[in-house]
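Colleague: For reference, the sequence and a predicted model appear below.
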Amino acid sequence: MKLRRFLALLALFVPALVARAQEKPNVLFLLSDDHSYPYLSCYGDSNVKTPALDKLAAEGMKFHRFFTAAPQCVPSRAALLTGRSPVAARITRFSAPLPRDVETFPEAMRQKAGYFVGVCGRSYHLDGADLGGLVTKNNLKTFTERFDYVKTGSDEATTTQMSEFLEKKPKDKPFFLWVNFSDPHHVWNAPASFRPDPASLKLPPHFPDLPGMRSQLADYCAEVNRVDTSVARILKLLAEKGLEKNTIVVFCGDNGQALPHGKGSLYDPGLNVPFLVRWPGVVKPGGESRALLSGEDLAPTLLAATGLAGSEKISGVSFLPLLKGEAFTPRKQLFAERGPHGSAPVTVGMKNSGYDLSRCVRTDRYKFIYNATPWIPYGPVDSAGGAAWKEITEANAAGKLMAGLTATYFTAPRPVYELYDLDTDPSELNNLSGKPALASVERELRLALAEKMTVDFDYLPLPDLGDMPPTNNRAAQFKRLDSNGDGKLSKAEFSAGREAKEAERWFMQRDTNSDGFISREEFLPAVPNPRPPR
């Protein structure tokens, strides 16, 4: 009797559990490779034709200012999956695997909300480059432990892999699937039927109008057109499986295009990518936003959408209210980093395409870039051997290249600090760092970047702040310590509130002329003297 009552209750309870699980939205995350904004026709770009993605945007919401956290595949994907900067996630070295103790948001969905999670298509990049077998030897590959389904393959194979994933998914579980596409990653080999006429292309200001530039941009656009057909197949399968209505579909690029000013650089074409979200019944069709969003923001947003709170280690900000049409306070600043690229070793005479250490902060109007390896000359990532870069180099040698491009690509050493007014100079060709009229703007951005680097435990030296921090104003500190107002600090005045041995050591270092006092000039650090504008 008791067993029958238990089974009867179970029969009522289990369907209710299944129903609740099915109420949770599925998540389909589609990621193209090296795909800069605005290369979708729904953004008004006439160089490409992307009907499937245009339809996705029309049925959901398109975002104009979504920026990845790095202009490279590995660190940008790390930020998308973890909600943390690549620096904080300890994955700025391109060939590094994601540390086992750094959680991805699909793992949280799997462990805390019962999701069946998978990844397929092009390499997801986060298990590291197994150079010399060192990753395998040290048991550093983790994604077969993090995900239920892990497969890689061509863009053509993604539909088959998605079908297999859905067949393996338990019926009582919602799913998360990350589909990676290779297009429009270099090498560009899309059929001629996808390729626009090079003569018809509209070039942005940072692309000089040269035959090789037009030809390579046409090759790139052909791959954008082809990835649209890959997306169309995936979305068709989703609809055929009857999963369209309860699935959040997110499409974005992992970083910018592999052409000069793009991939590998902290300029907008390297970081600003297409970003679309469709969520039937929640996201109003035809919406668009110009709010600043970071790659760090994807994880907390999708966690919130599935009813989960993000880890305290997540630095990204959920924009779920924006998707729902609710009140939303947008970011005032976002950040990005650049580290080593690929697996090439450091060599004398190398270009920054292979090795560069730089950071940036961007607001609605301004971009501040800090180059910590300025002596390494510029080189485009993945396209240095192409016709475009060859012709740009020749034009520069002949004195025929625009001054802004010459300064950006051919000045060595490069400036340590760069500041751009994006309203007047959207192509970021006129460096304003050190201009007195923008001193307060630059000060604010330097401080913001230094704070981000500090909280993320960045290993780079901070940018020069001089006497900048208002909460640690050394001029005010000097005035407070100078108790008799004579304009210099005695050893007793300087030592107030300090441990004796520490005070003695610092006093000797500050008293540079050994007169037994510390003058105001000795107490204050040198005021930063940024490199003149290029």
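Modeller: Now that the structure is in, tell me what you want to look at. Numbers count the residues shown, from 1 in each chain.
Colleague: SS state for N189?
Modeller: coil (DSSP: H, G, I helix; E, B strand; the rest coil).
Colleague: residues near it, how many?
Modeller: For N189, the count of nearby residues is 10 (other C-beta atoms under 10 Å). C-beta: built from backbone N, CA, C; applies to glycine.
Colleague: ok, now which ones touch it?
Modeller: By C-beta atoms under 8 Å, 6 or more residues apart in numbering, no residues touch N189.
Colleague: How much space separates it from K236?
Modeller: 24 Å (C-beta to C-beta, to the nearest Å).
Colleague: what's the answer for K168, then?
Modeller: K168 is 20 Å from K236, by C-beta to C-beta.
Colleague: Equivalent analysis for G128, please.
Modeller: Following C-beta to C-beta, the distance that separates G128 from K236 is 34 Å.
Colleague: neighbour-wise, which of the two wins?
Modeller: Neighbours per residue, other C-beta under 10 Å: of G128 and K236, the larger number sits with G128, 21 against 13.
Colleague: With adjacent residues omitted, what lies nearest to the more buried one?
Modeller: Among residues not flanking G128 along the chain, P97 sits closest, at 3.1 Å (C-beta to C-beta, 6 or more residues apart in numbering).
Colleague: pretty sure the one you found is touching H125, no?
Modeller: No - P97 is beyond contact range of H125, at 9.5 Å (criterion: C-beta atoms under 8 Å).
Colleague: Skipping its backbone neighbours, what lies nearest S215 in space?
Modeller: S215 sits nearest to P198 (C-beta to C-beta, 6+ apart), 5.3 Å away.
Colleague: in this protein, what secondary structure element scores lowest on mean pLDDT?
Modeller: helix 2-23 (a mean of 51; mean pLDDT, DSSP states H and E).
Colleague: contacts for the next helix or strand after that one?
Modeller: With elements assigned by DSSP states H and E, the helix or strand that comes after helix 2-23 is strand 26-32. Outside strand 26-32, the residues that touch it by C-beta under 8 Å, 6+ apart are 77, 80, 109, 115, 174-181, 183-184, 224, 227, 231, 234, 238, 243, 246-254, 274, 302, 305-306.
Colleague: mind listing which of those are in helices?
Modeller: For those, the ones inside helices are R77, L80, M109, V224, V227, V231, I234, L238, L302, A305, with DSSP state H as the criterion.
Colleague: which phi and psi does the nearest residue to the fifth one once chain neighbours are set aside have?
Modeller: In this case it means V227. Once flanking residues are discounted, V227 sits nearest to D183: 3.7 Å by C-beta to C-beta, 6+ apart. For D183, the backbone dihedrals (degrees, to the nearest 10) come out as phi -60, psi 150.
Colleague: Neighbours of D183, how many?
Modeller: D183 has 25 nearby residues by other C-beta under 10 Å.
Colleague: was I right about it contacting D155?
Modeller: Yes - using C-beta under 8 Å, D183 makes contact with D155 at a distance of 6.0 Å.
Colleague: between these two, what contacts are shared?
Modeller: With C-beta under 8 Å, 6+ apart as the test, D183 and D155 both reach R226, V227, S230.
Colleague: so how far is A403 from the last one?
Modeller: Using C-beta to C-beta, we find S230 at a distance of 41 Å from A403.
Colleague: So for those two, which residue has more residues nearby?
Modeller: Comparing S230 with A403 by neighbour count (other C-beta under 10 Å), the higher total belongs to S230, at 22 against 10.
Colleague: Identify the spatial nearest neighbour of that one, chain neighbours not counted.
Modeller: Nearest one to S230, counting by C-beta to C-beta, 6+ apart, is D155 at 4.7 Å.
Colleague: wait, what's in contact with that neighbour?
Modeller: G121, R122, F181, S182, D183, R226, V227, S230.
Colleague: quick check, K452 in a strand?
Modeller: No - counting by three-state DSSP, K452 is located in no strand; its state is helix.
Colleague: need the contact list for it.
Modeller: Counting by C-beta under 8 Å, 6+ apart, K452 has contacts S85, F335, R359, V361, D458.
Colleague: out of those, which are inside strands?
Modeller: F335, R359, V361 (DSSP state E).
Colleague: Alpha carbons of stretch 114-131, in PDB - could you do that?
Modeller: Only the C-alpha atoms of stretch 114-131 are listed here, as PDB (Å, rounded to 0.1, in the frame of the first residue of the first chain):
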ATOM      1  CA  GLY A 114      20.400  20.800 -15.000                       C
ATOM      2  CA  TYR A 115      21.400  21.900 -18.500                       C
ATOM      3  CA  PHE A 116      22.800  19.600 -21.100                       C
ATOM      4  CA  VAL A 117      25.800  21.500 -22.500                       C
ATOM      5  CA  GLY A 118      27.900  21.100 -25.600                       C
ATOM      6  CA  VAL A 119      30.300  22.700 -28.100                       C
ATOM      7  CA  CYS A 120      30.900  21.900 -31.700                       C
ATOM      8  CA  GLY A 121      32.300  23.200 -35.000                       C
ATOM      9  CA  ARG A 122      35.600  25.100 -35.300                       C
ATOM     10  CA  SER A 123      38.000  24.700 -32.400                       C
ATOM     11  CA  TYR A 124      36.800  26.400 -29.300                       C
ATOM     12  CA  HIS A 125      40.400  27.200 -28.500                       C
ATOM     13  CA  LEU A 126      40.200  27.000 -24.700                       C
ATOM     14  CA  ASP A 127      42.000  23.600 -24.200                       C
ATOM     15  CA  GLY A 128      45.300  25.200 -25.200                       C
ATOM     16  CA  ALA A 129      47.800  24.500 -28.000                       C
ATOM     17  CA  ASP A 130      49.400  21.200 -27.100                       C
ATOM     18  CA  LEU A 131      53.000  22.300 -28.000                       C
END
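Colleague: just how off-centre is it within its chain?
Modeller: Between the centre of stretch 114-131 and the centre of its chain there are 18 Å (C-alpha atoms, centre = their mean, to the nearest Å).
Colleague: follow-up on the earlier one: reformat the contacts of K452 into JSON lines and put pLDDT and neighbour count next to each item.
Modeller: Shown next, in JSON lines, are those (pLDDT from 0 to 100; neighbours: other C-beta atoms under 10 Å):
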{"residue": "S85", "pLDDT": "97", "neighbour count": "28"}
{"residue": "F335", "pLDDT": "98", "neighbour count": "25"}
{"residue": "R359", "pLDDT": "98", "neighbour count": "26"}
{"residue": "V361", "pLDDT": "98", "neighbour count": "25"}
{"residue": "D458", "pLDDT": "97", "neighbour count": "20"}
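Colleague: ok, those vs L432, which is closest?
Modeller: Nearest to L432, judged by C-beta to C-beta, of those is V361 at 14.6 Å.
Colleague: any idea how far W178 is from that closest one?
Modeller: 28 Å.
Colleague: With L243 instead?
Modeller: 16 Å.
Colleague: Which of these two has more residues huddled nearby?
Modeller: Shown here are L243 and W178; by other C-beta under 10 Å, W178 has more neighbours (24 against 15).
Colleague: Would you confirm that the more buried one contacts Y124?
Modeller: Yes - with contact defined as C-beta under 8 Å, W178 and Y124 form a contacting pair (6.8 Å).
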